[in-house]
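Asker: show me the folded form of this:
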Amino acid sequence: MALSSNILRIDSSARSDGSVSRKLADQIIEQVGAANAQITYRELGAGLGAIDGDWLGANFTPEADRTEAQRDRLALSDALIAEIKAAETLVISLPIYNFGIPSGLKAWIDQVARAGITFKYTPEGPVGLLAGKRAILAVASGGTEVGGPIDFATDYLKHVLGFMGIHDVEIVASDKLMIDADASHTKAQAALNALAA
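Answerer: Okay, here's the model as predicted:
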């Protein structure tokens, strides 16, 4: 399945050179014929501003009542959400660090998961407001098996994306690289081939 013409690529590895997850994201975009797509890049490897008490106070103040300082405090969050809304497909590259996601990616989630904007509460439960989008996760790990009992990264990320309304989530993984690199690369290539089919 080809990617859309509007892609948001999010990279979260602390490595800029030699990152397997970044290389997988390159291959995903190349493999599915998105060479002419409009791609927005969001780099999280060096970290992202964490939410704090001022951020929470601004977020829970009705928009019409926010001060200039509160609007400034939410400016990054607003920009990150605008990137998601503009995209049809998200390609998120991530290594699994200590069984979970990198801290920069968690900070991104905290910035974009906002009630009334990317999800809402209803009497029947929360409803995501970003429906109709697709996400592809490019995942690398040294020893953790993606989908295995100690992988707390991919299920969490799929849950968060679904919470915001993005339920079409696929994974291309090169996992257990430190155990059997050849098998890991072969598995990833098979997933890339299936993605393009």
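Asker: any stretches of the chain with poor pLDDT?
Answerer: 1-4, 32-35 (pLDDT under 70).
Asker: top helix in it by residue count?
Answerer: Longest helix in the chain by number of residues, with DSSP state H as the criterion: helix 181-196.
Asker: please point out which parts of that helix sit buried.
Answerer: Within helix 181-196, the residues that count as buried by 16 or more other CB atoms under 10 Å are 184, 187-188, 191-192, 195. Quick note: C-beta positions are derived from backbone N, CA and C, even for glycine.
Asker: excluding its backbone neighbours, what's nearest residue 5?
Answerer: Distances taken as CB to CB, 6 or more residues apart in numbering put residue 37 closest to residue 5, at 5.1 Å, once the chain neighbours are dropped.
Asker: just checking, the one you found touches residue 7?
Answerer: Yes: with contact defined as CB atoms under 8 Å, residue 37 counts as touching residue 7 (5.0 Å).
Asker: same drill for the two, tell me which one is more crowded.
Answerer: Taking other CB atoms under 10 Å, residue 37 and residue 7 do not tie; residue 7 has more neighbours (23 against 18).
Asker: what's the one helix or strand that one maps to in contact with?
Answerer: For residue 7, the element it lies in under DSSP states H and E is strand 6-11. Applying CB atoms under 8 Å, 6 or more residues apart in numbering, the contact partners of strand 6-11 are 19, 21-22, 25, 29, 34, 37-45, 83-84, 86-93, 105, 108.
Asker: export that strand as CSV, just CAs?
Answerer: The C-alpha atoms that make up strand 6-11 are tabulated as CSV, following Å, rounded to 0.1, in the frame of the first residue of the first chain:
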residue,chain,number,x,y,z
ASN,A,6,1.4,14.1,3.2
ILE,A,7,3.8,12.4,5.6
LEU,A,8,4.9,13.3,9.1
ARG,A,9,8.2,11.6,9.9
ILE,A,10,9.1,11.5,13.6
ASP,A,11,12.6,10.3,14.6
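Asker: for stretch 43-53, list every residue counted as buried.
Answerer: Under the neighbour-count criterion of 16+ other CB under 10 Å, stretch 43-53 has 44-45, 48, 51 buried.
Asker: which residues are in contact with each of residue 37 and residue 7?
Answerer: Common neighbours of residue 37 and residue 7, using CB under 8 Å, 6+ apart, are residue 29.
Asker: buried among the contacts of strand 6-11? Need that as a selection in PyMOL.
Answerer: Buried subset of these, written as a PyMOL selection, criterion 16+ other CB under 10 Å:
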select buried, resi 19+21+22+25+29+34+37+39+40+42+44+45+83+84+87+89+90+91+92+93+105+108
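Asker: let me know how buried residue 155 is, in neighbour terms.
Answerer: Residue 155 has 11 neighbouring residues, counting by other CB under 10 Å.
Asker: I'd like the next helix or strand past the strand or helix carrying it.
Answerer: In the assignment (DSSP H and E), residue 155 maps to helix 154-163. Next along the chain after helix 154-163, taking DSSP H and E as the criterion, comes strand 168-174.
Asker: what strands flank that following strand, and is each parallel or antiparallel?
Answerer: strand 134-140 (parallel) (DSSP bridges).
Asker: I'm done for today, thanks for sticking with me.
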